[in-house]
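Peer 1: Here you go, sequence then predicted model.
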Amino acid sequence: MSMRSLWSAVTLILVAVLSLTAAPPDVSAQAREEPPADNVFTGELDVQMGQRVFQQQCGRCHGEDGTGGEGGPDLTNGFRSASTDEGLFKIVREGIPNTQMVGISRRSTDQSAWMVVAYLNSLNDTNDVDLPGNAANGQQLYAGKGNCSGCHMVNGEGGRLGPDLSQVGNRRDPAELVSDLRTPDQDVAPRWWTLRVTRADGTVVQGLRMDEDTFSMRLMDDDEDLWSFSKRDVRSYDRIKTSTMPSVNATLTDAEVDDLVAYLFSLRREEI
Ligand code: HEC
Ligand code: HEC
């Protein structure tokens, strides 16, 4: 028996035993369990176990099949708050602070949480989506004519003046990607606003708004240099809430936008 199927078998028994016991088992023993170094709970049996846990603990808010319900969002269209399996695990384990999202029972093991992650991933299997564009052409446009890599990072290469796109296909569906490209000024998150600061001597510094609190602010200029200012010491400052990203409408044809979307949508966490 391989290590992996051994684990699955052990967990199967564990979960079975747990669901049979009426009294809550000792929490402390399990709560401190270390998460495994690598997520090995990705097999078909894990997905099934994860589904069972999901239906018991999550279905009342997210719907039995994960497509969303009264209390929780649809989980079959990628995840806004996690772009890696580790991030997803953390949400499943701990919930999302200050929201209704409570996460898995503290009595459940980390293995169960990984199985739920496997199940959530299986809900997002999007191999079968048929897109009009050609991803290989899109990749060339991305690096060439589209001029995207100056601002965006994919797998560690590119700029930091826009969000990392390594797994953008997990959080944006094709229709959303089209609007990201055509109307970037819509729904710009505060992290991507621009700050324009006029210093006491009248000189102006402008860049992406990295941090801001009552007394200070930090921005990153076009050369990716960081600047910090004390609000008391500057003459004035403005927040510009539009995107620094140019719309592709003026530069790319409809067919090229289709190709680019096919490429971007192919940037996803590896399928299980
Ligand atoms: C009491 C209702 C409730 C329960 C129970 C619940 N959730 Fe949630 N869940 C929510 C809400 C509400 C959100 C959105 C939180 C926010 O505002 O970001 C959410 C968000 C999430 C997200 C992030 C979605 C995204 O797009 O990033 C995941 C993943 C998730 N839930 C998984 C689970 C799993 C797995 C379980 C069971 C272990 C579970 N939830 C149980 C209400 C619930
Ligand atoms: C001058 C810098 C810049 C250039 C050039 C640029 N972007 Fe962006 N992009 C941004 C910024 C900043 C955002 C975040 C604000 C927003 O939503 O528009 C963004 C957002 C996005 C998003 C949404 C990402 C998400 O996580 O929601 C996608 C997709 C995207 N860009 C793709 C592209 C592609 C493809 C190109 C090339 C055709 C490109 N960008 C060119 C700066 C840029």
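Peer 2: That came through fine. Numbers count the residues shown, from 1 in each chain. Ligands and ions are numbered 1, 2, ... in the order given.

Peer 1: Stretch 96-103 near ligand 1 at all?
Peer 2: Yes: where contact is defined by Cβ under 6 Å from any ligand atom, part of stretch 96-103 touches ligand 1, namely 96, 99-103. In short, each C-beta sits where N, CA and C put it, glycine included.

Peer 1: which one of those sits closest to residue 268?
Peer 2: Taking Cβ to Cβ as the measure, residue 268 lies nearest residue 96 of these, at 21.8 Å.

Peer 1: For the chain, just list every one of the strands.
Peer 2: Here the chain has its strands, by DSSP state E, at 153-154, 157-158, 194-199, 204-212, 216-220, 226-230, 234-240.

Peer 1: And those strands: which comes nearest residue 253?
Peer 2: Using Cβ to Cβ, the nearest of the strands of the chain to residue 253 is strand 153-154, at 22.4 Å.

Peer 1: Which neighbours in the sheet does that closest one have, and how are they oriented?
Peer 2: strand 157-158 (antiparallel) (DSSP bridges).

Peer 1: quick one: contacts of the strand it pairs with?
Peer 2: With Cβ atoms under 8 Å, 6 or more residues apart in numbering as the test, strand 157-158 has contacts from 148-152.

Peer 1: Which one of those residues is nearest to ligand 1?
Peer 2: Among these, residue 152 lies closest to ligand 1 (Cβ to the nearest ligand atom), at 20.9 Å.

Peer 1: quick one, what contacts the closest one?
Peer 2: For residue 152, the contacting residues are 158-159, 161-165, taking Cβ under 8 Å, 6+ apart as the criterion.

Peer 1: All good on my end, thank you.
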